[in-house]
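Participant: Okay, sequence plus prediction incoming.
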Amino acid sequence: MSSSTDHPVIIAGAGPVGLSLALALQRRGIPAVVLDVRPEIARDPRATTVQPRTLESLAEWGVLDALASRATRVDTLQYWDWRNHSLLAELSYGLIASDTPYPFRLHVPQWELCEVLASRLDEGTVRWRHRVVDLEADDEQVLVDVTHNGVRETLRGQALVGADGVNSTVRRLLDLDLELGERDTFLTCEVDRSIAACFPEGIELGPCAHLFDGESWAIWMQMPDCIRLLFHVPDGTSAQEAMTDRAVWRRTRALIGEAGGETYNFQLFRSRATYHVQQRVVTAFRRGRVFLAGDAAHSAFPVGGMAMNAGIHDAEALAAALDDGSEAALDAWSTIRHAILRDEVMSESSAAHRALSASGLIQRWLRNRQIGELASDPVVAREHLKRLSMLAH
Ligand SMILES: Cc1cc2nc3c(=O)[nH]c(=O)nc-3n(C[C@H](O)[C@H](O)[C@H](O)COP(=O)(O)OP(=O)(O)OC[C@H]3O[C@@H](n4cnc5c(N)ncnc54)[C@H](O)[C@@H]3O)c2cc1C
C-alpha cells in the first residue's frame, strides 16, 4: 500500500528559495519536484548578497565552493559620510570569527546562486514552463493543478510549498492574511568597475560601502564583474522617471562628484531596475499540507541584504520539519519563521533603512555618532555584524 510520503513534495517556483528547498530535501532523501512557469532561470539583476548564516547552509549542502568561485568575497563593511568623504566606520567580519566558520559575505548575482543550486539537483527535479493554477488539500496529501504547453494535469504530492515569489498563486489560493510594514521604492543599477576611477583622489571604497549623502544615500557593492549600486527613489517619482538616463545621471553625479561626472562614460551603465517593496509577512506560513516560503511569505527592504537569505533559511528549516513529519514540528516551523521574519528580519531591514535615510541635521548627527561607536567598540560592532549576518536569529 502506498503512503502519502511516497509522493514528492511539490514546490511551486524555481527561484533561490524553491531550489534551496529541493536540494535540502534531496539531501534528506525526500523526493521533490519543482515547477516553474518560466522557461529557465531568470537572469535579471536581483539579490546580490549571501550572508554568513546562509553560507553555513550552502556548505552543508556541498555547494559553497562552487558558489564562492563565482563570487566576490567581502571581509569588511564601510560606512561613509559622503558629504565630506569621511569614513565613519570600517567593520571587519573578523569580529564574528568565533560565531561562524564563514566570517565574510559573498556578493554574487542571484541567478548564479540559482544555477549552482539547480546543478546539484537530480535530473528531472525541475520542470520549466509548468504553471501551478489550483490546489486541493486534505490532511494526507495535496492535488496540484498544473498547466504545461496548454495542457492541464493534476499532480499528487505529500505537501505543496509555495515558493512562487511576491505575487504567489499559492498564497492567493490559500487566501492568507498579510501583516504590513513600511514601503519604499529602490533603484538598482549595474555599472562598469571603471566608475571607481572617478572618485576624488585618495578615496577608495571597500567591496561593500554605505554612503550617506545628506538627504540621500547609496549602497556600493563590488560584484565579480561590475559594481551594483542601490539608491532610494524619492516619494512622488514614478518607476519610469527614476530609470530615465537623466535621473540615473543625477544620482551618479552626486556619488562620483562634478569632476568625475563630466568625464564618466555613461554607456558603461549596463542595467537598471526599480524595485518597490511593501514590507510584509503572512500571518501563518502553513495551512495543513500547504506551506509558503521566501517572497511568497514575506518581503523586506533590500538595504540589509536579508530578503533572499531569509527565504533560504525558511527552506532549510522547512526541509528539517518535513523530514520530522510531526504536526508539532510543522507548526513550530510556521510559528518560528513568522516570529523571525516579523521581529528580526523586517525590523532589522527597517533599522538599516532608517540609518540610511536619516533626514535633518539632528537625526544625521545621531546616526553618525552611533556608527562612530561601532568603529570604536568591538563588542558593539560584533553584535551589529551578527545581526546583519543573520547569526543572531
Ligand atoms: C529588482 C530587484 C532587486 C532586488 N534586490 C535585492 C537585494 O538587493 N537584496 C535582497 O535580499 N533581495 C533583493 N531582491 C529580492 C530577491 O530577489 C527576492 O527576495 C528573491 O528572489 C526571493 O526568492 P524566491 O525564490 O522566494 O522568489 P523568486 O525569486 O521571485 O522566485 C519565484 C519563482 O516562482 C515562479 N512562479 C511564480 N508563479 C508561479 C506559478 N503559478 N507556478 C509556477 N511557478 C511560478 C517564478 O517564475 C519564479 O521563478 C530584489 C528583487 C528585485 C525584483
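Facilitator: Arrived safely, thanks for sending.

Participant: My read is that Ala358 contacts Gly214, right?
Facilitator: No. The pair Ala358 / Gly214 is not scored as a contact, 10.0 Å apart, by CB atoms under 8 Å. All C-beta spots, glycine's among them, are computed from the backbone N, C-alpha and C.

Participant: list residues touching both of these two?
Facilitator: Applying CB atoms under 8 Å, 6 or more residues apart in numbering, one finds that Ala358 and Gly214 are jointly contacted by Arg364.

Participant: More neighbours: those two, which one.
Facilitator: Neighbours per residue, other CB atoms under 10 Å: of Ala358 and Gly214, the larger number sits with Ala358, 19 against 12.

Participant: and Val17, what does it touch?
Facilitator: Ala163, Ala293, Gly294, Asp295, Ala296, Met308, Gly311, Ile312, Asp314, Ala315.

Participant: is it true that it lies in a strand?
Facilitator: No. Counting by DSSP: H, G, I helix; E, B strand; the rest coil, Val17 is located in no strand; its state is helix.

Participant: From Leu160, how far off is it?
Facilitator: Noted for Val17: a distance of 14 Å to Leu160, by CB to CB, to the nearest Å.

Participant: Now the most centrally placed residue in the chain. Nearest residue, chain neighbours left out?
Facilitator: Centroid-nearest residue in the chain, with CA atoms, centre = their mean: Met308, separated by 2.4 Å. Taking CB to CB, 6 or more residues apart in numbering as the measure, Met308 lies nearest to Ala47, with 3.9 Å between them; neighbours along the chain are not counted.

Participant: How about Glu204?
Facilitator: With sequence-adjacent residues excluded and distances taken as CB to CB, 6+ apart, Glu204 is closest to Ala196, at 7.9 Å.

Participant: out of the contacts of Val17, which touch the ligand?
Facilitator: When those are filtered against the ligand using CB under 6 Å from any ligand atom, the residues retained are Ala163, Gly294, Asp295, Met308, Gly311.

Participant: Between which two of these is the distance greatest?
Facilitator: Farthest apart among these by CB to CB are Ala163 and Met308. That separation is 11.4 Å.

Participant: Residues of this structure that sit close to the ligand?
Facilitator: Selection of the chain residues close to the ligand by CB under 6 Å from any ligand atom yields 12-18, 35-38, 42, 46-49, 110, 131-132, 163-165, 169, 188, 273, 275, 294-295, 302, 305-308, 311.

Participant: lowest-confidence helix or strand of the protein?
Facilitator: Comparing every helix and strand of the chain by mean pLDDT, DSSP states H and E singles out helix 245-263 as the least confident one, with a mean of 74.

Participant: which is the next helix or strand following it?
Facilitator: strand 269-282 (DSSP states H and E).

Participant: Okay, now the sheet partners of that next one, with direction.
Facilitator: Note on strand 269-282: by DSSP bridges, its sheet partners are strand 178-191 (antiparallel), strand 298-299 (antiparallel).

Participant: okay, how far is it across stretch 336-347, tip to tip?
Facilitator: Across its full length, stretch 336-347 reaches 15 Å between end residues, using CA to CA, to the nearest Å.

Participant: What residue in the stretch 201-350 of the chain comes nearest to the ligand?
Facilitator: Proximity to the ligand, evaluated over the stretch 201-350 of the chain using CB to the nearest ligand atom, is greatest for Gly294 at 2.3 Å.

Participant: wait, isn't that residue in contact with Gly13?
Facilitator: Yes. Contact between Gly294 and Gly13 holds when scored by CB under 8 Å: they sit 7.4 Å apart.

Participant: joint contacts of those two?
Facilitator: Applying CB under 8 Å, 6+ apart, one finds that Gly294 and Gly13 are jointly contacted by Ala163, Gly165.

Participant: residue boundaries of the strands in the stretch 101-250 of the chain?
Facilitator: Remark: strands assigned in the stretch 101-250 of the chain by DSSP state E, counting those that start in this stretch are 105-107, 126-128, 131-137, 142-148, 151-157, 159-162, 178-191, 208-213, 216-222, 227-232.

Participant: Would you format the ones you listed as TSV with distance to Asp65 and mean pLDDT included?
Facilitator: TSV is the format used below for the strands of the stretch 101-250 of the chain (distance: least, CB to CB, whole Å; pLDDT from 0 to 100):
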stretch	distance to Asp65	mean pLDDT
strand 105-107	11	98
strand 126-128	22	98
strand 131-137	33	97
strand 142-148	35	98
strand 151-157	32	98
strand 159-162	27	98
strand 178-191	25	93
strand 208-213	22	93
strand 216-222	20	93
strand 227-232	23	94
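
Participant: Mean neighbour count, those strands: which tops it?
Facilitator: Here the criterion is mean neighbour count by mean count of other CB atoms under 10 Å, and of the strands of the stretch 101-250 of the chain the winner is strand 159-162, at a mean of 30.

Participant: who does that one pair up with?
Facilitator: When sheet partners are counted by DSSP bridges, strand 159-162 sits next to strand 9-12 (parallel), strand 290-292 (parallel).

Participant: Mean neighbour count and mean pLDDT added to those, as CSV?
Facilitator: Written out in CSV, the entries for the strands paired with strand 159-162 read as follows (neighbours: other CB atoms under 10 Å; pLDDT from 0 to 100):
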stretch, mean neighbour count, mean pLDDT
strand 9-12, 28, 98
strand 290-292, 28, 98
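
Participant: which ones are touching Met346?
Facilitator: Remark: with contacts taken as CB under 8 Å, 6+ apart, Met346 is in contact with Gly181, Gln279, Val281, His298, Ala300.

Participant: now do 7 Å
Facilitator: The neighbourhood of Met346, defined by CB atoms under 7 Å, 6 or more residues apart in numbering, consists of Gly181, Gln279, Val281, Ala300.
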